[in-house]
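J.: Give the three-dimensional model of this entry:
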Amino acid sequence: MPRSRINGNFIDKTFSIVANILLRIIPTTSGEKEAFTYYRDGVMLAQSEGNYAEALQNYYEAMRLEIDPYDRSYILYNIGLIHTSNGEHTKALEYYFRALERNPFLPQAFNNMAVICHYRGEQAIRQGDSEIAEAWFNQAAEYWKQAIALTPGNYIEAHNWLKITRRFD
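T.: Predicted coordinates:
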């Protein structure tokens, strides 16, 4: 049973009521409605409460039901967020890539990929491997450039890092 049918706080309940009204008004198939319900439950209820296992179950079910590539990109992105939160960076990168294949205009996916690459660069420095660190930092720079190109004015810290490290074109 989707989690939204259980209980939640006032904001969650209000969002659910508005979302249900919109689903009735907007012409959608029953499969699309069900996919949205699982997506909403993953984002609004389970993931926001830190219940990542339940959120993943909702996202996987939403992926099974959702056919629109754009909508699927956001589901994949959110799965990537959970893997990032769990420290599963390789899996997170995989899901961010899959999200970008369906929607190349997700600056937040590029940003999160850059953050992971930057983190791995810092790890390589701590391990004394400056060559590997430089490769990770260069990859982070490429992802941040893509995020910034999509949303100029955002990611100010990344922009500054690119300038300071002379990686900004």
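
J.: From here on, just use CA atoms for contacts and neighbour counts.
T.: OK.

J.: Which neighbouring elements make contact with the helix or strand where Phe97 lies?
T.: In this structure, Phe97 sits in helix 89-102 according to DSSP states H and E. Judged by 3 or more Cα pairs under 8 Å, 6 or more residues apart in numbering; DSSP states H and E, the packing partners of helix 89-102 are helix 69-85, helix 107-126.

J.: rank the ones you listed by pLDDT, which is bottom?
T.: Here the helices and strands packed on helix 89-102 differ in mean pLDDT, and the lowest is helix 69-85 at a mean of 94.

J.: and the angle for that one with helix 107-126?
T.: Put simply, helix 69-85 runs at 30 degrees to helix 107-126, going by axes from the mean of the first three to the mean of the last three Cα atoms, to 10 degrees.

J.: show me the contacts for His118.
T.: Contacts here follow Cα atoms under 8 Å, 6 or more residues apart in numbering; on that basis His118 touches Trp136, Phe137, Ala140.

J.: Any buried residues in the helix or strand hosting the first one, and which?
T.: Pointing back at Trp136 there. Assigned by DSSP H and E, Trp136 belongs to helix 130-150. Under the neighbour-count criterion of 16 or more other Cα atoms under 10 Å, helix 130-150 has 132-148, 150 buried.
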